[in-house]
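Asker: sequence first, predicted model second:
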Amino acid sequence: MLKELNENGNFKASLFATSTGLVLASQKSQTIDETIIAAMASLLSDAAYRVADEMQLSRMEMLKIRYQKEYIMCRNIVVSPDGTQFLLAVFGTPPESQDIEKYYDQLLDWAVENSLPDLKKLTSI
């Protein structure tokens with residue numbers, strides 16, 4: 001699934017991780033360290049949760065960080081009523097238009113939807 005996600009989105013890396021940053025699966029080029037991406041996604045997700053708690057906001061769903069030449073999207077995946085969550089993170093180049101950004105969002109929706117059964121199984125282990 002991650003390979004297909006990278007190919008369709010032209011991403012350099014994609015991964016599933018626990019909320020603490022442990023990489024569960026990744027698909028990446030050899031020059032990318034998935035542990036750094038997972039750790040960063042975990043840190044950003046944790047910060048977003050703290051802000052939401054302080055400001056009484058709803059649950060964070062997605063983070064997007066746009067650099068001049070890079071783009072990171074992180075999707076929070078809640079898989080159980082007790083709040084067990086995982087992260088899906090992708091790394092690539094910034095979208096050239098709003099239509100491409102919407103396409104990226106749709107790709108991540110597809111990946112989350114198709115990964116939910118396997119991620120739910122992981123919570124029962």
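Answerer: Happy to help now that I have it.

Asker: what pairs with the one helix or strand residue 77 maps to, parallel or antiparallel?
Answerer: Assigned by DSSP states H and E, residue 77 belongs to strand 71-78. Strand pairing for strand 71-78, using DSSP bridges, gives strand 62-66 (antiparallel), strand 85-92 (antiparallel).

Asker: which of those sits most buried?
Answerer: The highest average neighbour count among the strands paired with strand 71-78, using mean count of other Cβ atoms under 10 Å, belongs to strand 85-92 at a mean of 23. C-beta coordinates here come from the backbone N, C-alpha and C atoms, glycine included.

Asker: pLDDT of the helix or strand just after that strand, averaged?
Answerer: Next along the chain after strand 85-92, taking DSSP H and E as the criterion, comes helix 98-123. For helix 98-123, mean pLDDT rounds to 93.

Asker: what's the answer for stretch 58-74, then?
Answerer: Stretch 58-74 carries an average pLDDT of 89.

Asker: how far does it sit from the chain's center?
Answerer: 9 Å (Cα atoms, centre = their mean, to the nearest Å).

Asker: got it, and stretch 103-121?
Answerer: Distance of stretch 103-121 from the chain centroid (Cα atoms, centre = their mean) equals 10 Å.

Asker: sorry, back to before: what angle sits between the strand holding residue 77 and helix 98-123?
Answerer: 40 degrees (axes from the mean of the first three to the mean of the last three Cα atoms, to 10 degrees).

Asker: ok, residues contacting stretch 36-54?
Answerer: 13, 15, 17-23, 26, 57-60, 63, 65, 72, 74, 76, 87, 89, 91 (Cβ atoms under 8 Å, 6 or more residues apart in numbering).

Asker: buried set for it?
Answerer: Neighbour-count burial for stretch 36-54 flags 37-42, 44-45, 48-49 (criterion: 16 or more other Cβ atoms under 10 Å).
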